[in-house]
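K.L.:
Okay, sequence plus prediction incoming.
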Amino acid sequence: MKKNELRHLISAAIAACQNKKAEAIVALQLAKEASAFTDYFVICSGANPRQVQAIADEVQDRLEQHGMRPNNIEGYRHADWVLLDYVDFVVHVFSENARRYYDLERLWKSALRLDTSDLKAKARPAAKARPAARSQRTVRNPARKKRAK
């Protein structure tokens, strides 16, 4: 995947997190020599399990609009740490306690911290969902009105 396209997808993931009021959003570019499994992390927190799941759902929905589906999803049911693996980048959605406990930013301190506002500025807003087109036209039954009178 091209670097610009990858950054665009990461910015879409960040926008999805922001849309669901995620806290402390961080994007990390992992050093090539430090990580062989992915290039970027997006890390954020939710205040409660429902918000953690809502953030994860929004990220999946937003990225599906760009033709991306996660390769793997972990932790969704417990909603303490949801991991969405998109191969070239991984989105981590933590509860506040789990984020403090695992402290990925410290663990990956060699990673370059990206400015999320720069990435956000390059992101295009997600397309609004359009109502499904009706396959058949609704025809009112004039006989019903006559009976009701």
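P.N.:
On my side now, so go ahead. None of these values were measured; they are calculated from a predicted model.

K.L.:
all helices of the protein, in order?
P.N.:
3-19, 49-64, 96-102, 104-107, 116-122, 142-148 (DSSP state H).

K.L.:
Could you export the ones you listed to TSV, including columns for mean neighbour count and mean pLDDT?
P.N.:
The way it works is simple: take the backbone N, C-alpha and C, and place the C-beta from them, glycine included. TSV is the format used below for the helices of the chain (neighbours: other C-beta atoms under 10 Å; pLDDT from 0 to 100):
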stretch	mean neighbour count	mean pLDDT
helix 3-19	20	91
helix 49-64	20	97
helix 96-102	15	95
helix 104-107	12	88
helix 116-122	13	57
helix 142-148	8	46
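
K.L.:
wait, which of those helices is closest to F89?
P.N.:
Nearest of the helices of the chain to F89, taken as C-beta to C-beta: helix 3-19 at 5.6 Å.

K.L.:
rewinding a little: for D88, which of the helices of the chain is the nearest?
P.N.:
Closest to D88 of those, according to C-beta to C-beta: helix 3-19, at 5.5 Å.
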